[in-house]
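Visitor: Structure for this input, please:
(chains A, B and C)
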Amino acid sequence: MKTRARHSSAQRLRQMHDQLAKAYGLQHWWPAKTAFEVVLGAYLTQNTAWKSVESSLANLSAAGALTIEGLRALSMEELRALIRPSGFATRKAPALKAFIDMLDAEFSSSLDALAAEPTDVLRLRLLRLPVVGPETADAILLYALRHPVPVADEYLRRIVERHHLLEAAPGRNRKGYESLVQLTREAFAPDPNDEHARLFNEFHALTVAVGKAHCGRSAQCIGCPLAADLLQSQL
DNA sequence: CGCCAGGCCGTGT
DNA sequence: ACACGGCATGGC
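Guide: Numbering: from 1, shown residues only, chains lettered A, B, ... in the order given. Below is the predicted model of the structure:
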């Protein structure tokens, strides 16, 4: 009889988290000082190296635009120029303005008021915003609004694909994204202390850390703390 | 120089 | 429903 996996994919993913935590330690994510800076970073980092995002954030900081009021005060052209280093400025600038408009019109210009909405309602509202897809919405939910939702990114997608944690490799679409979220939920399902927000936070941060170092588009798993698992999974 | 980055969206099957 | 190309810029 064929040997059955002794661990579910969710359990394996949880083990990976533990390995990565051991290898990389606490990540202290998201790299931002305020909730609004998280929102800015979440938009700006779309398909963009964080280094480039830092340039844009530095520009915004110098212009006093790391706050809601500061950003609102900028013209579209000014904003577009300031965030140019992180790319896609013609899309991201109007999108950021649209986020401010939503806050002003529906939530008294307050991120706290936004955060007070139920998670599922909030997620749907965020997804209606231009240039906000599932990952951006979830990053805002978790890191800016402190709701306990997993964040799946391209690095996690690659890890799950290369370690064969799902029957069908998750595609770069909504369904693939949701499958990664679901797997992550299962991996951290029974948490006695109800610290899902902290766990999802740490796990996502760790996937980015290992991803940046070892999980590029052309798979180079040499030196990756998960490489042993990868070999095991291919037996 | 060429490849890539912490996605998302519109279009064509 | 799904794949596929475009979107912009800068780091390495």
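Visitor: interface residues of chain A facing DNA strand B?
Guide: A:29-31, A:41-42, A:45-50, A:52, A:87-88, A:91, A:130-137, A:139, A:143, A:153-155, A:172, A:177, A:208, A:211-212, A:216-218 (C-beta under 7 Å from any atom of the strand). From N, CA and C alone the C-beta is placed, and that goes for glycine too.
Visitor: which among those residues end up buried?
Guide: Buried subset of the residues of chain A next to DNA strand B (neighbour count, 16 or more other C-beta atoms under 10 Å): A:29-30, A:41-42, A:45-46, A:48, A:52, A:87-88, A:131-132, A:134-137, A:139, A:143, A:153, A:155, A:177, A:208, A:211.
Visitor: pLDDT value on the residue lying closest to A:S9 once chain neighbours are set aside, please?
Guide: What sits nearest to A:S9 in space, not counting adjacent residues and going by C-beta to C-beta, 6 or more residues apart in numbering, is A:L165, at 4.1 Å. In this prediction, A:L165 carries a pLDDT score of 96.
Visitor: for A:L165, helix, strand, or coil?
Guide: When the structure is split into helix, strand and coil by DSSP: H, G, I helix; E, B strand; the rest coil, A:L165 lands in coil.
Visitor: That one and A:V149: what is the separation?
Guide: Using C-beta to C-beta, to the nearest Å, we find A:L165 at a distance of 20 Å from A:V149.
Visitor: what do you get for A:A205?
Guide: Counting by C-beta to C-beta, the separation of A:A205 from A:V149 is 14 Å.
Visitor: Repeat that for A:K97.
Guide: Using C-beta to C-beta, A:K97 is found at 25 Å from A:V149.
Visitor: For these two, work out which one has more neighbours and name it.
Guide: Just comparing A:K97 and A:V149: by other C-beta atoms under 10 Å the higher neighbour count belongs to A:V149, 23 against 17.
Visitor: my read: A:D229 touches A:H17, true?
Guide: No: A:D229 sits out of contact with A:H17 when judged by C-beta atoms under 8 Å, with a separation of 11.6 Å.
Visitor: near DNA strand C, which residues of chain A show up?
Guide: Counting by C-beta under 7 Å from any atom of the strand, the residues of chain A lying close to DNA strand C are A:47-49, A:51-52, A:55, A:84-85, A:87-91, A:171-173, A:175.
Visitor: Where does pLDDT dip in chain A?
Guide: Counting by pLDDT under 70, the low-confidence segments of chain A come to A:1-5, A:192, A:232-235.
Visitor: A:E37 - how many residues pack around it?
Guide: 19.
Visitor: Which helix or strand lies directly C-terminal to the strand or helix carrying it?
Guide: Here A:E37 is covered by helix A:35-44, with elements defined by DSSP states H and E. The element immediately downstream of helix A:35-44 (helix or strand, assigned by DSSP H and E) is helix A:50-62.
Visitor: Just list what that following helix packs against, helices and strands only.
Guide: Helices and strands in packing contact with helix A:50-62 are listed as helix A:35-44, helix A:76-82; criterion 3 or more C-beta pairs under 8 Å, 6 or more residues apart in numbering; DSSP states H and E.
Visitor: tell me what the shortest one is packed against?
Guide: Based on contacts counted as 3+ C-beta pairs under 8 Å, 6+ apart, the elements that helix A:76-82 packs against are helix A:50-62, helix A:89-106.
Visitor: Mind listing residues that contact the longest one?
Guide: Yep, that's helix A:89-106 we're talking about. The set of residues external to helix A:89-106 that reach it, using C-beta atoms under 8 Å, 6 or more residues apart in numbering, is A:39-40, A:43-44, A:46, A:68, A:71-72, A:76, A:79-81, A:83, A:86, A:109-111, A:114, A:125, A:129-132.
Visitor: same question, the shortest one
Guide: Residues outside helix A:50-62 that contact it (C-beta under 8 Å, 6+ apart): A:31, A:37, A:40-41, A:44-45, A:66, A:70-71, A:82-87.
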